[in-house]
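K.L.:
with the sequence up front, the predicted model follows.
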Amino acid sequence: MKIKLILVGKTVEGYLQAGISTYAGRLGHYVPFEMVEVPDLKQAASLSTDQIKIREGESILKAVKPSDHLILMDERGETFTSVEWARDLEQKSVRLAKDLVFVIGGPYGFSKAVYDRCDEKISLSKMTFSHQLVRVIFLEQLYRAFTIIKGEPYHHE
């Protein structure tokens, strides 16, 4: 199993870039991991919210293979504790013969086409985080899940 994280747009803040680098680097010890940045749209100010979501969605779907298990980070998705999510990932690694692809969308969310293609949606919280900040939070939780799976002391109950 490989894990890919698709991000819409570049991470702009240095402190967020540092956090992303830290956790992405740590993940490489547990699983083949790749991040793909879908470029920000040019002249987005002249587009409606729906047009932005459609164009971003087209770029997202180009980065997804038909065989991938696509998981959207979405506020209406299923929520887990860290331990529950670790167990869910572990089960997926055993029962799915697919790569896991997670997507963190742009500030307006996802197009209908992306929702139609996804296999599941998960939420990190009932709270709303910026699409920039959620990148670090997601990667930390993904790293935490693998340390839980491996029985390492990073996570404390």
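P.N.:
Perfect, I can see it now. Numbers count the residues shown, from 1 in each chain.
K.L.:
would you map the helices across the protein?
P.N.:
14-27, 49-62, 82-95, 112-117, 133-149 (DSSP state H).
K.L.:
output the longest strand belonging to this protein.
P.N.:
The longest strand of the chain (DSSP state E) is strand 69-78.
K.L.:
let me know the pLDDT of the residue located most distally from the centre of the chain.
P.N.:
Ranked by distance from the centre of the chain (Cα atoms, centre = their mean), the top residue is S46, with 27.5 Å. Note for S46: predicted pLDDT of 87.
K.L.:
distance-wise, check it relative to R55.
P.N.:
Applying Cβ to Cβ, to the nearest Å, the value for S46 to R55 is 12 Å. Every C-beta, even on glycine, is put in place using the N, C-alpha and C of the backbone.
K.L.:
same deal with H69?
P.N.:
24 Å.
K.L.:
same deal with E152?
P.N.:
In this structure, E152 and R55 are 41 Å apart, going by Cβ to Cβ.
K.L.:
and those two? Which one has more around it.
P.N.:
Counted by other Cβ atoms under 10 Å, E152 and R55 do not tie: R55 has more neighbours, with 17 against 11.
K.L.:
quick one: residues contacting that one.
P.N.:
Neighbouring residues of R55 by Cβ atoms under 8 Å, 6 or more residues apart in numbering: 41, 47.
K.L.:
quickly note the distance from it to G106.
P.N.:
R55 is 10 Å from G106, where distance means Cβ to Cβ.
K.L.:
low pLDDT regions in this structure?
P.N.:
Nowhere does the chain drop to pLDDT under 70.
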